[in-house]
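[1] Okay, sequence plus prediction incoming.
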Amino acid sequence: MTEKVKITFLGTGGMIPTEKRNHPAFFLSYGNEGILVDCGEGTQIQLRKAKISPTKITKILLTHRHGDHTFGLPGLFRTLAMLGYKKKLVIYGPRGIKKTIDGIFQAFGDTTEYEIEVKEILGKFLETKEFAISAEQMVHGPLCNAYSFLVKGNTKLDKKKLKKFKIKDGKHLSELKQKGYMNYEGKKYVLKNLAIEEDDKKVSFVLDTAFNDRIAPFVKDSDLFVCESGFGEELAEKAKAYMHLTSVEAGKIAKKANVKKLCLVHISERYEKNSSQLLKQAKKYFRNTTIPNDLDVLYV
């Protein structure tokens, strides 16, 4: 089977951290990739608690420049230097994010021990044979991106079936994959009878945005939809004014987009003792909804 995507919820809180919820940060690992989505204050400590070495980070996706999503960067940059980080660190974000990173360097000094490249992106901005990463513009004061990570489906030969039919390794298996059939020891075999079809796997992150029509198409068919929910439905007008989503809106988007699982994050401190209220509201529209805690781990 294809390797699973692992998501560690480093920070699930909102603008003001609480005893239980740190500023927003999420670590997605797949193969050799370690992708940090946002880097709020305290992210380094959360990485330590999760037993994830900062040197595992290969890319950083920043949704926008607000401090609760970026204030962890200066410390992280210096820690990587102290740990002997030698990889090229690529930071992706919406238009204007280069100015934010330049400001960090001006305030705290340039990082010369390793290379940092900042790219302002939108649409599908990275693709390999195995996966693709895309960004979509959201609505939140400063320019803001949502992100999706897509592992491409694959056709793999079923080792149990090959053993059952006593088919050994060899060039004939390459022919089977290329042509869809092969002749082996006087018999014809069809690929679909010897293979396992693996579907695409998709993880989407939507943080800090007002409700808009671009969200549902962008996160459509996600296996995991990580979505901000800073306000309950009782504060819908306030959510609209501050350009955030309510739990009800998150649930409606999840249902419309046909996602498999919804995780509510960016939980405001006002719900520190009653986050179940947000969960209940979202579940009215999308049953498979959870509110993860800091350091929770999910596999897709």
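    Perfect, I can see it now. Numbers count the residues shown, from 1 in each chain.
[2] In contact with residue 129, which residues are there?
    Applying Cβ atoms under 8 Å, 6 or more residues apart in numbering, we find residue 129 in contact with residue 152. Heads up, the C-betas are built off the backbone N, CA and C, glycines and all.
[3] Doesn't it belong to a helix?
    No. Read with DSSP: H, G, I helix; E, B strand; the rest coil, residue 129 is coil and lies in no helix.
[4] Going forward, the N-terminal residue is numbered 20.
    Noted, 20 is the first residue going forward, which turns the last one into residue 148.
[5] How about the backbone phi and psi for it?
    In terms of degrees, to the nearest 10, the main-chain angles of residue 148 are phi -70, psi -30.
[6] and it, how far is that from residue 175?
    Distance check for residue 148 against residue 175: by Cβ to Cβ, to the nearest Å, it reads 14 Å.
[7] Please enumerate the strands of the stretch 170-319 of the chain.
    With DSSP state E, counting those that start in this stretch as the criterion, the stretch 170-319 of the chain has strands at 173-176, 200-203, 206-209, 214-217, 220-225, 243-247, 281-284, 308-309, 316-318.
[8] Extract the C-alpha trace of the third one and format it as PDB.
    If I follow you right, that is strand 206-209. Only the C-alpha atoms of strand 206-209 are listed here, as PDB (Å, rounded to 0.1, in the frame of the first residue of the first chain):
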ATOM      1  CA  LYS A 206      -0.800 -17.800 -20.500                       C
ATOM      2  CA  LYS A 207      -2.200 -14.300 -21.000                       C
ATOM      3  CA  TYR A 208      -2.700 -12.100 -17.900                       C
ATOM      4  CA  VAL A 209      -4.600  -8.800 -17.700                       C
END
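[9] how about it: buried residues?
    Within strand 206-209, the residues that count as buried by 16 or more other Cβ atoms under 10 Å are residue 208.
[10] which neighbours does that strand have in its sheet, and in what orientation?
    Strand 206-209 sits in its sheet next to strand 200-203 (antiparallel), going by DSSP bridges.
[11] Check what contacts the strand it pairs with and list those residues.
    For strand 200-203, the external contacting residues (Cβ under 8 Å, 6+ apart) are 186, 191, 192, 194, 195, 207, 208, 209, 210.
[12] residues contacting the first one?
    To tie it back to what came earlier, the one meant is residue 186. So residue 186 contacts 192, 203, 208, 213 (Cβ under 8 Å, 6+ apart).
[13] go again using 7 Å as the cut-off
    Residue 186 makes contacts with residue 203, as judged by Cβ atoms under 7 Å, 6 or more residues apart in numbering.
[14] And for the third one?
    Under the criterion of Cβ under 7 Å, 6+ apart, the contact partners of residue 192 comprise residue 176.
[15] again, but for the last one
    Applying Cβ under 7 Å, 6+ apart, one finds that residue 210 lies in contact with 195, 196, 199, 200.
[16] Which of these fall in helices?
    195, 196 (DSSP state H).
[17] Can you go through the contacts of residue 210 and name the buried ones?
    residue 195.
[18] Looking at the contacts of residue 210, which one is closest to residue 288?
    For the contacts of residue 210, the residue nearest residue 288 by Cβ to Cβ is residue 196; the value is 53.8 Å.
[19] List the contacts of that closest one.
    Contacts for residue 196 were tallied using Cβ under 7 Å, 6+ apart; they are residue 210.
[20] go again using 6 Å as the cut-off
    For residue 196, the contact set (Cβ atoms under 6 Å, 6 or more residues apart in numbering) is empty.
[21] Tell me where the stretch 170-319 of the chain has helices.
    178-183, 190-198, 234-238, 255-260, 266-275, 295-302 (DSSP state H, counting those that start in this stretch).
[22] Need the CA coordinates for the first one. CSV is fine.
    Spelled out, it's helix 178-183. The C-alpha trace of helix 178-183 is given here as CSV (Å, rounded to 0.1, in the frame of the first residue of the first chain):
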residue,chain,number,x,y,z
LYS,A,178,2.1,-9.6,-4.5
LYS,A,179,-0.3,-12.2,-3.2
LYS,A,180,-1.9,-12.6,-6.6
LEU,A,181,1.5,-12.9,-8.3
LYS,A,182,2.4,-15.6,-5.8
LYS,A,183,-1.0,-17.4,-6.3
